[in-house]
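[1] I would like to see how this sequence folds:
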Amino acid sequence: MRRANMLFTLTLFFIVNLMNAQGFKNFVSVDGNKLMDGDKEYRFISFNVPTLNFQEDEMNFKETNPYGLPTEFEMRDVFATVKEMGGQAIRIYTIPVKHTGFPKNAPTYVEAPGQFNEAAFKITDKMLQLANEYNVRIIFSLLNNRQWMGGRPNYAAFRGKTADEFWTDPQLIEDFKATLNFVINRKNSYTGVKYKDDKSILCWETGNELTSPIDWTINITRYIKSLDKNHLIMDGWYSDDLDFPFVREASLNEWSIDMVSSHHYERNAIDVPKNIKKNIELINKRKPYLVGEFGFISTSGIESVLDFVIDNKDVSGALIWSLRHHRKDGGFYWHSEPLGAGLFKAYHWPGFVSGEKYDESNLMTMYRNKAFEIQGMETPAVSAPLAPELLPIEKAHAISWRGAMGATGYNVYRSESKGDPWKIVGYNISDADVPYFPLFHDKTAQLGKSYYYSVAAINASGTSERSNIVGPVKVNELAKIDTMKNLGFVEDSKAVIPVVGSDRNFKEIRNRLYGDYGSELTYSIPGKLEEFKLFAFEKKRFRYIAIHGSNDGETWVDLDIFPESFTNRDSSYGYWKPKIYSYSGDKDYKYIKVLFKGGIAQLARVEITYK
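    Residues are numbered from 1 along each chain as shown. Now for the predicted structure:
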């Protein structure tokens with residue numbers, strides 16, 4: 001009997017997984033220049049999510065490797081967000097290829113010609129399982145033109161050849177075909193379904209913004225067709241002239257290319273609809289057409305593009321660049337966009353004050369409305385958030401949680417015992433305020449006491465159930481934390497200026513204080529000093545900052561502190577060098593002064609713990 005029950009359970013488990021694996025009834029097909037889902041036209045407005053299957057934005061201050069594999073929590077947050085916003089498809093960036101410029105411990109997908117990282121591909125397996133579960137399809141881009149996350153230059157580097165040889169060299173072409181064969185014929189370790197049989201894949205895209213000759217493209221698309229009779233293929237060729245982003249005639253005449261796209265980052269927003277219209281005229285109803293990427297323009301500019309797409313049935317859809325999701329260690333992942341004029345970042349749903357400079361909240365609301373409009377649907381009310389997950393707490397001034405999709409803020413609850421009444425000690429706290437640091441500082445915690453904590457997510461539609469309870473948390477020290485939004489925390493300053501912008505160089509920290517030779521900051525210590533910790537960025541490896549201590553604010557002692565450096569060897573973004581200057585000596589100084597002694601530095605955070 002027990003064996004029969006076990007067999008029934010295993011059978012039920014198999015059926016449930018098979019149902020999840022087959023969430024879609026149809027492969028997307030083509031009828032003239034229309035994309036079709038069965039007998040229904042398939043049109044969408046949605047997102048590029050370049051980190052869905054590979055993370056490049058882990059910017060914890062001490063982390064020297066920004067690359068990693070996303071967790072199931074992080075991937076679910078993406079799918080739940082896109083679903084909530086009316087999106088029906090996600091375009092991923094590429095299949096990452098080993099890059100000699102990456103940190104040594106950075107994971108990747110393609111380790112060498114014909115050698116693949118199984119742990120990484122299980123992430124893509126999970127991605128497709130979730131795509132079926134959430135009914136959101138994947139535009140599966142297969143190659144990057146540039147080195148970001150690994151692309152054509154990396155395949156060439158395996159063989160000691162140049163990136164341009166990738167298009168014509170037989171060996172390099174065969175190496176790439178080996179990847180295609182592996183991916184297309186891969187059996188999903190979660191669902192048992194081969195990728196070529198998975199209906200959640202909208203199409204294969206030959207690559208991201210490829211400068212490929214048409215001969216290479218035809219070779220590759222016909223090879224894909226020989227492996228996979230089910231899925232559409234989209235040409236990833238890209239006209240890299242920002243002012244003339246047009247499709248190419250040769251792609252429209254090739255039978256193995258099912259659909260085409262264009263990317264739009266024109267300098268003038270009014271040119272985007274004009275150039276989309278020119279592409280419609282060039283295509284002349286011969287193939288489905290997609291606006292594969294666009295962005296870095298005003299909310300009204302984005303709305304004009306979307307209205308044009310919705311009104312012109314010769315465009316199957318549009319995908320804005322780009323969306324980032326909640327982070328497993330609290331808050332969101334952040335990404336400043338190289339083409340974003342030092343202003344635009346990847347978007348976070350539902351939009352926050354931190355994105356006010358690029359009108360994030362208004363844009364996300366408008367974008368959601370348009371995503372439902374293109375489907376002929378009324379926009380539903382925003383879903384109330386589910387409960388967040390409170391992370392382990394060591395100190396009452398460093399509390400974080402895994403965010404809930406759609407939450408605009410969080411209420412933090414505290415109790416002196418699990419059975420006591422709960423008190424709100426933090427109201428409507430944003431998890432998009434201070435990137436990559438703890439989300440909440442309980443400033444009302446009393447020294448020597450122990451507390452339990454819980455947190456609930458809120459938005460306009462309601463409040464979630466409270467999270468798990470964490471505690472007891474013993475308060476062994478108090479804290480004074482300066483996040484550099486202004487000069488309000490300092491006792492005195494000299495020639496120090498609050499700065500924002502170019503945040504990628506500074507681990508995406510939005511608020512910093514800039515100082516040059518002779519600049520100074522002075523902090524007063526509210527009690528007995530335990531530790532003074534300064535998070536700073538300097539352009540070079542040399543020490544440009546000195547830390548002095550004083551008991552009276554007049555006589556100063558150089559504490560002769562050498563910083564700990566956390567340099568990222570990836571030179572792709574021009575990172576400044578993150579350094580931590582810390583003092584926890586036995587002198588009970590009442591004042592700490594930060595002096596700029598040489599080249600330019602920027603300060604990101606000060607943490608003072610005391611009793």
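[2] and Pro213, how many residues sit next to it?
    For Pro213, the neighbour count with other Cβ atoms under 10 Å is 13. No exception for glycine: its C-beta is placed from N, CA and C like everyone else's.
[3] in the stretch 101-250 of the chain, which spans are strands?
    110-112, 115-116, 137-141, 201-205, 232-234 (DSSP state E, counting those that start in this stretch).
[4] okay, the ones you listed in JSON lines with mean neighbour count next?
    Below are those laid out as JSON lines (neighbours: other Cβ atoms under 10 Å):
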{"stretch": "strand 110-112", "mean neighbour count": "17"}
{"stretch": "strand 115-116", "mean neighbour count": "14"}
{"stretch": "strand 137-141", "mean neighbour count": "25"}
{"stretch": "strand 201-205", "mean neighbour count": "26"}
{"stretch": "strand 232-234", "mean neighbour count": "24"}
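[5] can you put those strands in TSV and add distance to Lys474 and mean pLDDT?
    Listed next are the strands of the stretch 101-250 of the chain as TSV, based on distance: least, Cβ to Cβ, whole Å; pLDDT from 0 to 100:
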stretch	distance to Lys474	mean pLDDT
strand 110-112	46	97
strand 115-116	48	98
strand 137-141	47	98
strand 201-205	51	98
strand 232-234	57	99
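[6] now these in JSON lines, with distance to Arg91?
    As requested, the strands of the stretch 101-250 of the chain are exported to JSON lines (distance: least, Cβ to Cβ, whole Å):
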{"stretch": "strand 110-112", "distance to Arg91": "20"}
{"stretch": "strand 115-116", "distance to Arg91": "22"}
{"stretch": "strand 137-141", "distance to Arg91": "4"}
{"stretch": "strand 201-205", "distance to Arg91": "8"}
{"stretch": "strand 232-234", "distance to Arg91": "10"}
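[7] Can you tell me which of those is nearest to Lys540?
    strand 110-112 (33.8 Å; Cβ to Cβ).
[8] Now do the closest one: everything it contacts.
    Identification of contacts with strand 110-112 by Cβ atoms under 8 Å, 6 or more residues apart in numbering yields 95-98, 116-117, 150, 154-155, 158, 179.
[9] In helices only, show me those.
    154-155, 158, 179 (DSSP state H).
[10] Neighbour-wise, which one of those leads?
    Neighbour-wise, those (other Cβ under 10 Å) top out at Tyr155, 26 neighbours.
[11] show me what contacts it?
    Contacts of Tyr155 by Cβ under 8 Å, 6+ apart are 97, 110, 113, 166, 172, 175-176.
[12] hmm, back to that, please identify which of the ones in helices among the contacts of strand 110-112 is nearest to Ala250.
    Tyr155 (23.3 Å).
[13] Okay, buried residues for stretch 541-557 please.
    Of all the residues in stretch 541-557, those buried under the rule 16 or more other Cβ atoms under 10 Å are 543-550, 556.
[14] just to revisit the earlier point, which stretch among the strands of the stretch 101-250 of the chain approaches Gly32 most closely?
    Comparing the strands of the stretch 101-250 of the chain by Cβ to Cβ, strand 232-234 comes nearest, at 13.6 Å.
[15] so what does that closest one touch, helix or strand wise?
    For strand 232-234, the elements it packs on are strand 28-31, strand 201-205, helix 214-227, judged by 3 or more Cβ pairs under 8 Å, 6 or more residues apart in numbering; DSSP states H and E.
[16] Identify, from the contacts of strand 110-112, the entry nearest to His397.
    Nearest to His397, judged by Cβ to Cβ, of these is Pro96 at 37.0 Å.
[17] Surely that closest one touches Thr51?
    No: with contact defined as Cβ atoms under 8 Å, Pro96 does not reach Thr51; the gap is 10.6 Å.
[18] Does Pro153 touch Asp164 like I think?
    No: using Cβ under 8 Å, Pro153 makes no contact with Asp164, being 9.4 Å away.
[19] Between those two, which has more neighbouring residues?
    Pro153 (21 against 12).
[20] residues touching the residue lying closest to the more buried one once chain neighbours are set aside, list them.
    Nearest residue to Pro153, sequence neighbours excluded (Cβ to Cβ, 6 or more residues apart in numbering): Ala163, at 4.1 Å. For Ala163, the contact set (Cβ under 8 Å, 6+ apart) comprises 152-153, 156.
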